[in-house]
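Asker: I'll drop the sequence and a predicted model, then ask my questions.
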Amino acid sequence: MNKKLYQFDLKIINLMKTYGLPILRYSLAIIFIWFGLLKPLGLSPAGKLVANTVYWFSPEWFVPFLGWWEVVIGLCLLYKPLIRIGIGLLLLQMMGTFLPLIISPEIVYGSKPYALTLEGQYIIKNLIIIGAALVIGSHLRDKTYKPQKKI
């Protein structure tokens, strides 16, 4: 790699190291707060899926409860001393999000085996949320960021 291209590559990598983790954390927080608030307001397209999945709870209280749970996760991700709590709550909540894959296969799978419906895709995308939480959690003890050195 020529020197100018290498220097440019290093600048881009250092920018990603500087801003990537905070952007990931704030993005996740926004998603949880936004999606969470939709549930108690009765505006969440996932409300019916939640109600059908955890049918042993009354959706009148459980869907709003889940929404506020998600808001708390988002707020914890915004405030550094509470990130560990937020990740713990997130991982507990994520376990429940995969229940429809087992409880309601007719809702999440299409006509062909393992072809996902829109609801199924909505559930499977949670794998990236779990991955993001793991990345955020893996940096909780980082003291400082040191950019890579130039040649």
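Answerer: Alright, I've got the coordinates.
Asker: tell me the pLDDT at residue 126?
Answerer: Residue 126 is assigned 96 on the pLDDT scale.
Asker: tell me how far it lies from residue 12.
Answerer: The spacing between residue 126 and residue 12, counted by Cβ to Cβ, to the nearest Å, is 29 Å. Bear in mind the C-beta positions are built from the backbone N, C-alpha and C, glycine included.
Asker: more neighbours: the two, which one.
Answerer: residue 126 (14 against 10; other Cβ atoms under 10 Å).
Asker: what's the burial count for the closest residue to the more buried one other than its chain neighbours?
Answerer: Excluding the flanking residues, the one nearest residue 126 by Cβ to Cβ, 6 or more residues apart in numbering is residue 97, at 5.0 Å. By other Cβ under 10 Å, 20 other residues sit near residue 97.
Asker: wait, residue 97 touches residue 120, no?
Answerer: No - with contact defined as Cβ atoms under 8 Å, residue 97 and residue 120 do not form a contacting pair (11.6 Å).
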